[in-house]
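> no sequence on this one, just coordinates:
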């Protein structure tokens, strides 16, 4: 109990102090997670809509099971692959991206992508199959049809975004592996928590954990508000 | 009667190698109400999908207002035709937004007067902010009809629009269809298996069986002096397969 | 006892009791990753487990966390390498007493082309000063481990801030293996215990020993010595198996076990990874 109480005090202390190190960690966490999420959406939503609208899924139905497998892919395996690609000996080694935020963003995007595609696909498939024909019968172009389907699937899309956000902001294995947890450069909240726990600074680790929880809650609150607004529109 | 807006010559449609529609010749006249009757599976809905350019015929020629219909057809031409289906699907938005949808697609704005006029005609004034997908079946079908007509199409296609409705809703739907045809000279192609509805609304009626056009003539004659024995049997309500 | 269910329950109870009796005692040992990753514990612990009918649960963490696990009374005994902090730990009554166990040494490793020109320097402090002066990349464990503690001490001896500031100084907060991997990828210098480096060096393409020589006899800097101590946790913290912890100390410092420690790694690496240093061994 004492440890928990201390952690709460520490957390408030850190937030009130606007500790510059903490600010850098939180800033990087939001940057990496945010960019990763946006990239995953930009790539994943069109693919999910395309798969959801196409009558015959390409490659004899192998694609969808593959995506569902990807949704359960251990992040650390993704991290390992990204590491191997970006390492000196790897094919992309010349970019010198290993141990930079870019490497972390790449890993996060890959982790979030199957989630976004899979949940978008499910959301599109849950729409009444008669709707696309009726929308086209009212004079929609292919693009307008896709956009309308997206709008119809917005609840499912929000679920996709929330799930992807949750999975990458709480991810630790991959970002540790490809980011290197460098103080002031690639240290994010999750890797800082691991580090402080290892150092034996349990209450500081807990305080960071509380801040992470708070951030996740705030982000979900904003998305929920948007969703409620979208639903009543 | 005016000139033909649709002309079909030797149109065939196949699904998985099975011929479901085989029409030697059919013209739909500008401004008429044409009813297409026939048993289920006769190819009526397939014909409507062709007329709405939702699919292209397997063979033969289909022209719309002198232009050959195809998948690459100009979107402005396609937008001159709208359709109402037997089971309307509402967008998960308000009733208002559903009414506005056709305008939104065309990049136009629905005027407040027009909106009010249609809500009035549909008897839906109090429901305008309701979620459209929570309406009753009759209300949804009225919204679907308004959604298709409010953009003032040249052709309205109706696919069994009143099959699931109670008499009061049927009467209201028919009234609006008749008004649009008389006031705006909207061409209407009505698919129904309800011969009474065909008789109430259509100037001409056609019988479709097994994808083939059996007879097409003035509604009066269709019901009183049918040329073929099949038509006579269908009008009498006898089973013909 | 006619009821079959009663019979079954009785049989189960008997079975459970039998299991509990045969169940070995558990010793919870918090130690640093270096002793575990090198394979030393795996090699010597079975002997202890057999002799004392005990099971040793090894929790391999950084020295900082090992000390805090001990402080919280979550383990029975700790085996770590940060002498000053160990003495403080005992002085604060968290542990009963510290016993010398063994030692090895630290070495400074870095890229073969050695941009700071530290190769051949005898003292780590001079090498660190040269690295800082040339702002060559240095990877620090940064995790409060024994190695990190040693590194901070060396910076201070070199006349610098114990936590140098600057883009060239990368504080990773990761284990020794990860830090070496990082140094290998980014052409950085780092301080490592020799054992871990020897065990992992096949995986590195760039790293070589620059200060500390090819084995402990060649290491000219006494500051690079790395002594390991074992400390039973103070039983006042409750639920501490002090008897077994003391048995463990006695066994670990015995001449037989010490000989096994000296032997470990010789076959694979051509030199021991750890050198025995217990009272009993030195008195023999």
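Sure thing, it's come through. All values reported here derive from a predicted model rather than from experimental measurement.

> write out the residues of chain B neighbouring chain A.
B:49, B:52, B:54, B:75, B:78-79, B:82-83, B:85, B:87-89, B:91-94, B:97, B:101-102, B:105-106, B:144, B:147-148, B:151, B:157 (Cβ under 8 Å from any Cβ of the partner chain). Every C-beta, even on glycine, is put in place using the N, C-alpha and C of the backbone.

> from the residues you listed, which ones fall inside helices?
Mapping the residues of chain B next to chain A onto helices (DSSP state H) picks out B:49, B:75, B:78, B:97, B:101-102, B:105, B:144, B:147-148.

> quick one, helices of chain B?
Remark: helices assigned in chain B by DSSP H are B:44-51, B:75-78, B:95-105, B:112-122, B:137-149, B:167-184, B:195-201, B:219-224, B:229-235.

> which neighbouring elements make contact with the second one?
Pointing back at helix B:75-78 there. Counting contacts by 3 or more Cβ pairs under 8 Å, 6 or more residues apart in numbering or on different chains; DSSP states H and E, helix B:75-78 packs against no other helix or strand.

> which residues touch it?
Residues outside helix B:75-78 that contact it (Cβ atoms under 8 Å, 6 or more residues apart in numbering or on different chains): A:139, A:141, B:53, B:64-65, B:67.

> and of the helices of chain B, who's closest to residue C:66?
Evaluated over those, closeness to residue C:66 peaks at helix B:95-105, with 63.2 Å, by Cβ to Cβ.

> tell me which residues are up against that closest one.
With Cβ under 8 Å, 6+ apart as the test, helix B:95-105 has contacts from A:138-141, A:144, A:233, B:79, B:82, B:90-91, B:109-110, B:115, B:118-119, B:124, B:127-132, B:135, B:143, B:146-148, B:150-151.

> sort out which of those are buried, if you could.
Taking 16 or more other Cβ atoms under 10 Å in any protein chain shown as the criterion, what is buried in those is A:138-140, A:144, B:79, B:82, B:90-91, B:110, B:115, B:118-119, B:124, B:127-128, B:131-132, B:135, B:143, B:146-148, B:150-151.

> which ones, among those, also lie beside chain C?
Of the buried ones among the contacts of helix B:95-105, not one also sits near chain C (Cβ under 8 Å from any Cβ).

> is chain C within reach of whichever strand or helix holds residue A:21?
If you go by DSSP states H and E, residue A:21 is part of helix A:20-53. No - judged by Cβ under 8 Å from any Cβ, helix A:20-53 stays clear of chain C, getting no closer than 10.7 Å.

> buried set for that helix?
Neighbour counts using 16+ other Cβ under 10 Å place A:22, A:25-26, A:28-29, A:32-37, A:39-41, A:43-45, A:47-53 of helix A:20-53 among the buried residues.

> the spatially most central residue of chain C pairs with what?
Centroid-nearest residue in chain C: residue C:32, 3.5 Å away (criterion: Cα atoms, centre = their mean). Taking DSSP bridges as the rule, residue C:32 bridges to residue C:61.

> wait, it sits on residue C:145?
Yes - with contacts counted by Cβ atoms under 8 Å, residue C:32 reaches residue C:145, the gap being 6.7 Å.

> what touches both of the two?
What both residue C:32 and residue C:145 touch, as defined by Cβ under 8 Å, 6+ apart, is the set C:62-63.

> show me what the helix or strand residue C:249 falls within is in contact with.
Per DSSP H and E, residue C:249 falls inside helix C:242-253. Residues outside helix C:242-253 that contact it (Cβ under 8 Å, 6+ apart): C:25, C:27, C:29, C:47-48, C:51-52, C:54, C:56, C:76-77, C:79, C:96, C:99-101, C:230, C:232-233, C:235, C:257, C:278-281.

> good, wrapping up.
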